[in-house]
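Engineer: Got a predicted model here, sequence first, then my questions.
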Amino acid sequence: MVHARISGTGSYLPGEPVSNAALIAAHGIDSSDEWIVERSGIRSRHLAPQGVACSDLAFEASRRALQAAGRQPAEVDLIIVATSTPDFVFPSAAALLQNKLGITNGAPAFDVQAVCSGFVYALTIAEKFIRSGSHKCALVVGAEVFSRILDWKDRGTCVLFGDGAGAVVLEASDQPGLLASAFHADGSHHGILSVPGQVCGGVVTGDPFLRMDGQAVFKFAVKVLADVANEVLAAAAMTASQVDWLIPHQANVRILQATAKKLHIPAEKCIVTLDHHGNTSAASIPLALDESVRAGRIQRGQHLLLEGVGGGFTWGATLLKF
Ligand code: UT7
């Protein structure tokens with residue numbers, strides 16, 4: 001039986017960290033470091049400089065993941081980038097990434113748009129390609145420049161997000177890797193988190209900024225994150241006590257804590273990195289994963305539960321043996 005296993009991880013954060021105080025001062029936001037830390041757990045984030053695009057961040061994270069996996073770009077035969085902030089309307093960030101990596105083997109490259117669940121969606125899709133035997137070495141990336149869609153006058157959202165990228169190399173293996181995955185959507189909740197604008201006739205129509213009903217999102221997130229975690233645990237015939245690390249989408253430390261509590265997973269087994277990169281949407285899970293791998297917290301052979309929830313609404317989880 002062909003398994004799909006993560007052979008390397010990488011991540012990238014642009015520029016220097018921007019503290020809450022510095023962000024507030026730079027944009028004249030009616031907020032405070034105290035409020036942001038208390039309500040979200042976020043202390044700083046990274047913001048991509050002008051001219052740095054999604055595919056640039058994806059490139060740096062991918063380079064590191066390939067190096068960690070001991071693979072050359074030419075060996076990659078599938079590229080999936082999860083993003084809601086691609087460089088262009090088209091071509092995809094994945095196609096641009098392929099070109100930046102110098103991959104000329106014709107490997108398929110496409111974006112997945114599932115907002116903050118995007119990485120779990122992309123990983124689940126890549127797993128199916130690998131298990132089918134059609135592809136052997138996939139580059140799966142989450143990369144975002146959410147700073148480009150923030151309204152600095154909307155204090156309820158602009159303090160929460162950041163830019164960054166994370167990547168994994170997912171390979172065919174005779175050893176178990178991904179054990180169970182589930183992904184879902186319910187478009188009836190599209191109104192509580194969206195960027196309800198578009199480019200039409202050469203101008204932006206509608207609202208090009210991120211809009212969110214924070215409390216509605218909070219309640220929805222805690223419910224579905226617990227449900228989908230239980231779904232993949234049941235599919236793998238495992239219990240929460242066998243999970244070594246819970247790696248949730250990094251949106252709000254209170255959501256992470258509430259989800260861990262619902263799952264009876266001790267808080268110390270829940271990876272939290274949002275304090276220093278904020279909510280980086282599709283990039284947050286692979287960023288948290290890579291940081292924890294490089295810090296030596298996550299070890300080979302451990303069981304990881306990755307899960308995300310985001311606009312759409314979309315949500316999903318992957319249980320894996322690292
Ligand atoms: O990636 C997935 C999507 N995102 C999420 O998962 C986010 C989910 N939601 C949240 O994280 C939280 O709901 C927030 C952090 C967005 C907000 O926290 P909250 O505890 O739900 O605050 P709230 O919206 O109930 O607002 C409480 C107060 C309000 O003032 P009043 O009406 O009580 O006077 C807000 O106007 O806090 C005010 N407020 C702020 N004050 C200072 C809202 N934003 C700010 C701010 N600084 N940045």
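Structural biologist: Looks like it came in fine. Bear in mind that the values here come from a model prediction, so they are computed numbers and not experimental data.
Engineer: C-alpha from now on. contacts and neighbour counts both.
Structural biologist: Fine.
Engineer: would residue 171 count as being in a strand?
Structural biologist: Yes - according to DSSP: H, G, I helix; E, B strand; the rest coil, residue 171 belongs to a strand.
Engineer: I'd guessed it sits against residue 8; true?
Structural biologist: No - if you go by CA atoms under 8 Å, residue 171 and residue 8 don't touch, sitting 9.3 Å apart.
Engineer: Please identify which of these two sits among more neighbours.
Structural biologist: residue 171 (26 against 23; other CA atoms under 10 Å).
Engineer: contacting residues for the more buried one?
Structural biologist: 4, 5, 6, 7, 130, 136, 137, 138 (CA atoms under 8 Å, 6 or more residues apart in numbering).
Engineer: Quick check, pLDDT for it.
Structural biologist: If you check residue 171, the pLDDT there is 98.
Engineer: If I look at the nearest residue to it once chain neighbours are set aside, what pLDDT would I see?
Structural biologist: By the measure of CA to CA, 6 or more residues apart in numbering, the closest residue to residue 171 outside its immediate chain neighbours is residue 137, 4.5 Å from it. pLDDT recorded at residue 137 is 98.
Engineer: Enumerate every residue touching residue 137.
Structural biologist: 75, 76, 77, 78, 130, 169, 170, 171, 172.
Engineer: And what about the fifth one, helix, strand or coil?
Structural biologist: Going by three-state DSSP, the secondary structure assigned to residue 130 is helix.
Engineer: Touching, it and residue 4? I think so.
Structural biologist: Yes - using CA under 8 Å, residue 130 is in contact with residue 4, at 6.1 Å.
Engineer: quick one on the thing from earlier: which pair in the contacts of residue 137 spans the largest distance?
Structural biologist: 75 and 130 (13.9 Å; CA to CA).
Engineer: When these two are compared, which one has more neighbours?
Structural biologist: residue 130 (22 against 14).
Engineer: elements contacting the strand or helix carrying residue 181?
Structural biologist: Element membership for residue 181 (DSSP states H and E) is strand 178-185. Applying 3 or more CA pairs under 8 Å, 6 or more residues apart in numbering; DSSP states H and E, we find strand 178-185 packed against strand 3-12, helix 118-132, helix 214-235, strand 314-321.
Engineer: closest to the ligand out of these?
Structural biologist: The ligand sits nearest to helix 214-235 of all the helices and strands packed on strand 178-185, at 3.5 Å, using CA to the nearest ligand atom.
Engineer: outside of that closest one, which residues touch it?
Structural biologist: Outside helix 214-235, the residues touching it (CA under 8 Å, 6+ apart) are 156, 180-183, 192-193, 239-240, 255, 258-260, 262-263, 305, 307-310, 315-319.
Engineer: could you flag which of those are buried?
Structural biologist: Buried by 16 or more other CA atoms under 10 Å: 156, 180-183, 192-193, 240, 255, 258-260, 263, 305, 307-310, 315-319, out of the contacts of helix 214-235.
Engineer: near the ligand, from the residues you listed?
Structural biologist: Counting by CA under 6 Å from any ligand atom, 156, 310 from the buried ones among the contacts of helix 214-235 sit close to the ligand.
Engineer: residues from the stretch 101-250 of the chain in reach of the ligand?
Structural biologist: 116, 155, 156, 159, 214, 215, 217, 218.
Engineer: The fourth one against residue 20, yeah?
Structural biologist: When you say that, I think you mean residue 159. Yes - counting by CA under 8 Å, residue 159 touches residue 20, with 7.4 Å between them.
Engineer: Overlap in contacts, these two.
Structural biologist: What both residue 159 and residue 20 touch, as defined by CA under 8 Å, 6+ apart, is the set residue 36.
Engineer: Please identify which of the two sits among more neighbours.
Structural biologist: residue 159 (27 against 22).
Engineer: how far away is that one from residue 128?
Structural biologist: Going from residue 159 to residue 128 by CA to CA, to the nearest Å gives 37 Å.
Engineer: Show me what residue 10 is bridged to.
Structural biologist: Beta bridges link residue 10 to residue 167, judged by DSSP bridges.
Engineer: who touches it in this structure?
Structural biologist: 61-66, 68, 166-168, 286-287, 290.
Engineer: For these, could you give me CSV that also reports secondary structure?
Structural biologist: Output for the contacts of residue 10, formatted as CSV (three-state DSSP):
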residue, secondary structure
61, helix
62, helix
63, helix
64, helix
65, helix
66, helix
68, helix
166, strand
167, strand
168, strand
286, helix
287, helix
290, helix
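Engineer: picking up where we left off before, tell me which strands the strand holding residue 181 pairs with, and in which orientation.
Structural biologist: Partners of strand 178-185 in its sheet, by DSSP bridges: strand 314-321 (antiparallel).
Engineer: can you give me how far the strand it pairs with is from the chain middle?
Structural biologist: Remark: strand 314-321 is offset 12 Å from the chain centroid, using CA atoms, centre = their mean, to the nearest Å.
Engineer: Identify all contacting residues around that strand.
Structural biologist: Identification of contacts with strand 314-321 by CA under 8 Å, 6+ apart yields 5, 114-117, 120-121, 124, 176-187, 224-225, 228-229, 232-233, 236, 300-309.
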